[in-house]
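A.B. asks: following is a predicted model, sequence given first.
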Protein chains: 2
Amino acid sequence: MTTAKRTSPDRPDRLVLIGDTAIRLLVERGMRGLTHRAVDEGAGLPPGSTSYYARTRAALLEVALARMTVLEAGEFAPALADGESPPALPSDSAGIADLVAAIVDAAIRDGRDQKIARYELALEATRRSELRAVYDEAGAMFRGAAVGMLAALGSSAPERHGRFLVAWCEGVMFDSIAGSGWATPPSRADIRVGVTEILSGMLAGSAPRPPGRPFGNAPTSDMGDSPDRS
Amino acid sequence: MTTAKRTSPDRPDRLVLIGDTAIRLLVERGMRGLTHRAVDEGAGLPPGSTSYYARTRAALLEVALARMTVLEAGEFAPALADGESPPALPSDSAGIADLVAAIVDAAIRDGRDQKIARYELALEATRRSELRAVYDEAGAMFRGAAVGMLAALGSSAPERHGRFLVAWCEGVMFDSIAGSGWATPPSRADIRVGVTEILSGMLAGSAPRPPGRPFGNAPTSDMGDSPDRS
DNA sequence: GTGATTTCTCTACGGCTGTAGTGGATGAAT
DNA sequence: ATTCATCCACTACAGCCGTAGAGAAATCAC
């Protein structure tokens, strides 16, 4: 409006602004509402800007997904350690339950918009292989952390257990955000109990706590046997 | 094309055809690909037909969702009983694990398209309250069955347990269909083990098998304490 | 200063979208 | 047989879409 200051002295990387606005539009209006012109308007940029920075629609989606990957990585860290070094994953059941409950609870309560945008892009990645690659990369990080924690707990099948624990979290989040459970999201305490129950079911029958073994991957190759779908 | 036969002697309810085509388009091209004209073309209907049966876009989405609810109800029954009366839910852990594994495995293997369309509509229901109502109704049925089974197993908190079991299933399905686990979906055997582990974790500490108690809801009111979000 | 080069703004265009209205064919009622 | 009501095929229209390109502005090299 008004004077349209040129040369933008404070320039927080136009692409970041475009990515943030694209994510917001994805949440508020869905895939049909994410258009070049809508991003221009929503971000207060001169008309045509988005069309310049992301010439095609596929490029625009990639900008949005890249931005979201950065955002998610940034909010994963603080939930993990309140001020310590990043790789401090807990290695006891109670600590893991606390961590997982904190992450899921935060996602349901404060991260609703982010999750909706993520689901929207996951669905789109079903049809666009360029997006699929970026999406899978982010997911692998998350799952890797879970597998590591399960292995530290002495799981007999950390790959499967880690994957299913993450799947449970995703299911709870989806149900509470976009599914039929949106009206009555579980409390953080409920989530914690749920995690504890899952872990106890997974670890029943294995050594409850292999004493002097802070970390490490079990050598058994569980899961990942079906290389591709028919 | 050709002669455009009028009066349609075989008329399998135009709305069914439109609904099926809408679902297919949702899967193949996403929300942006679902348009009145695309349905006409995809269903082989004369141009303008979809626009007549579903005057607005919202109406078109409702037709699609209604059709999908019917389809899901129809495929839920056969997985439940191969030829018996419908209300025969299993009431022992092994039977439940078999049933749940069968449903999830079928959804991942053969029901991929249906699930993608469902996710697409779930996201849209985030923004359209008319869809939300229909969507929630279908979800409540599913969850009710799970709660009933958990209660029959002697769960101390069937509401929470049923909900979390369904959430786990949804998570596994989403991950294997639209998430980062699409390339290596779990085998049916893996799923079965996962269900068994979850159930054992949930039932640990309660009477392992209350002998003569075929069914019934626990009187304790678990979950559902948070009436609405902020 | 002056010219070259990059960075961005603005506009144009063909195509597709949602939606409403018009008029013809169909079948029922009289 | 004629009239009427219903159902449906078709067309029109205004608006928005993705994308490309022309040209202004800013930056930089000298």
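C.D. replies: Yep, it's here.
A.B. asks: do you know how far the residue nearest the centre of chain A is from DNA strand C?
C.D. replies: With distances taken as Cα atoms, centre = their mean, A:Glu72 lies nearest the centre of chain A, 5.7 Å away. Noted for A:Glu72: a distance of 26 Å to DNA strand C, by Cβ to the nearest atom of the strand, to the nearest Å. C-beta here means a position set from N, CA and C on the backbone, and glycine is covered the same way.
A.B. asks: once you drop chain neighbours, what's closest to that residue?
C.D. replies: A:Ala138 (6.4 Å; Cβ to Cβ, 6 or more residues apart in numbering or on different chains).
A.B. asks: neighbours of that neighbour, how many?
C.D. replies: Residues lying near A:Ala138 (other Cβ atoms under 10 Å in any protein chain shown) number 18.
A.B. asks: hey, C-alpha coordinates of the helix or strand where it lies in CSV?
C.D. replies: Per DSSP states H and E, A:Ala138 falls inside helix A:129-152. The C-alpha coordinates for helix A:129-152 follow below in CSV (Å, rounded to 0.1, in the frame of the first residue of the first chain):
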residue,chain,number,x,y,z
SER,A,129,7.8,-37.3,-6.5
GLU,A,130,9.8,-34.2,-6.0
LEU,A,131,8.0,-33.5,-2.8
ARG,A,132,8.1,-37.1,-1.7
ALA,A,133,11.9,-37.0,-1.4
VAL,A,134,11.9,-34.0,0.9
TYR,A,135,9.1,-35.2,3.0
ASP,A,136,10.6,-38.7,3.5
GLU,A,137,13.9,-37.1,4.6
ALA,A,138,12.3,-35.2,7.5
GLY,A,139,10.3,-38.3,8.5
ALA,A,140,13.4,-40.5,8.6
MET,A,141,15.0,-38.1,11.1
PHE,A,142,12.1,-38.4,13.5
ARG,A,143,11.9,-42.2,13.2
GLY,A,144,15.6,-42.6,13.6
ALA,A,145,15.4,-40.9,17.0
ALA,A,146,12.6,-43.2,18.1
VAL,A,147,14.5,-46.3,17.0
GLY,A,148,17.5,-45.1,18.9
MET,A,149,15.5,-44.7,22.1
LEU,A,150,13.8,-48.0,21.8
ALA,A,151,17.2,-49.7,21.2
ALA,A,152,18.6,-48.0,24.3
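A.B. asks: just checking, what packs against it?
C.D. replies: helix A:57-80, helix A:112-125, helix A:158-177 (3 or more Cβ pairs under 8 Å, 6 or more residues apart in numbering or on different chains; DSSP states H and E).
A.B. asks: thinking again about what came up before, quick one: residues contacting the residue nearest to the centre of chain A.
C.D. replies: A:114, A:118, A:138 (Cβ atoms under 8 Å, 6 or more residues apart in numbering or on different chains).
A.B. asks: the spatially closest residue to A:Ala97 that is not a sequence neighbour in helix, strand or coil?
C.D. replies: Excluding the flanking residues, the one nearest A:Ala97 by Cβ to Cβ, 6+ apart is A:Val195, at 4.4 Å. At A:Val195 the chain is in helix, as set by DSSP: H, G, I helix; E, B strand; the rest coil.
A.B. asks: for A:Val100, see how far away A:Val195 is.
C.D. replies: 5 Å (Cβ to Cβ, to the nearest Å).
A.B. asks: same check on A:Val27?
C.D. replies: Counting by Cβ to Cβ - A:Val27 and A:Val100 are separated by 24 Å.
A.B. asks: more neighbours: those two, which one.
C.D. replies: For A:Val27 and A:Val100, the more surrounded residue by other Cβ under 10 Å is A:Val100, and the numbers stand at 26 against 21.
A.B. asks: so what does the more buried one have for phi and psi?
C.D. replies: Dihedral angles of A:Val100 (phi, psi; degrees, to the nearest 10) stand at phi -60, psi -40.
A.B. asks: so which residue of chain A comes closest to DNA strand C?
C.D. replies: A:Gly48 (2.5 Å; Cβ to the nearest atom of the strand).
A.B. asks: buried ones in the helix holding A:Ala138, by neighbour count?
C.D. replies: Buried residues in helix A:129-152, counted by 16 or more other Cβ atoms under 10 Å in any protein chain shown: A:131-132, A:134-135, A:138-139, A:142-143, A:145-152.
A.B. asks: do the same with stretch A:90-98
C.D. replies: For stretch A:90-98, a neighbour-count test (16+ other Cβ under 10 Å) marks A:90-91, A:93, A:96-98 as buried.
A.B. asks: hang on, A:Asp98 packs against A:Arg192?
C.D. replies: Yes. If you go by Cβ atoms under 8 Å, A:Asp98 and A:Arg192 touch, sitting 7.0 Å apart.
A.B. asks: related to what we said a few turns ago, quick check: neighbours shared by A:Val195 and A:Val100?
C.D. replies: Common neighbours of A:Val195 and A:Val100 are listed as A:Leu165 (criterion: Cβ under 8 Å, 6+ apart).
A.B. asks: the least confident helix or strand in chain A by mean pLDDT to helix A:112-125, inter-axis angle?
C.D. replies: In chain A, the helix or strand scored least confidently by mean pLDDT, DSSP states H and E is helix A:57-80, which has a mean of 84. Angle between the axes of helix A:57-80 and helix A:112-125 is 140 degrees (criterion: axes from the mean of the first three to the mean of the last three Cα atoms, to 10 degrees).
A.B. asks: check which residues of helix A:57-80 are buried.
C.D. replies: So for helix A:57-80, counting by 16+ other Cβ under 10 Å, buried means A:60-65, A:67-69, A:71-72, A:80.
A.B. asks: now it, how far from the centre of its chain.
C.D. replies: Its chain's C-alpha centre and that of helix A:57-80 lie 9 Å apart, by Cα atoms, centre = their mean, to the nearest Å.
A.B. asks: could you do stretch A:118-130 as well?
C.D. replies: 14 Å.
A.B. asks: does DNA strand D have contacts with it?
C.D. replies: No. On the criterion Cβ under 7 Å from any atom of the strand, stretch A:118-130 is out of touch with DNA strand D, staying 12.0 Å away.
A.B. asks: what lies in contact with that stretch?
C.D. replies: Under Cβ under 8 Å, 6+ apart, the answer for stretch A:118-130 is A:26-27, A:30-31, A:58, A:61-62, A:64-65, A:68, A:72, A:131-132, A:135, A:174, A:177-178, B:28-30, B:116, B:119-120, B:123, B:174, B:177-179.
A.B. asks: go on, stretch A:49-57?
C.D. replies: A:14-15, A:18, A:36-37, A:39-40, A:43, A:60, A:62-63.
A.B. asks: one more: stretch A:15-24?
C.D. replies: Outside stretch A:15-24, the residues that reach it (Cβ under 8 Å, 6+ apart) are A:34, A:39, A:42-43, A:45, A:49-50, A:53-54, A:60-61, A:63-64, A:66-68, A:71, A:113-114, A:117.
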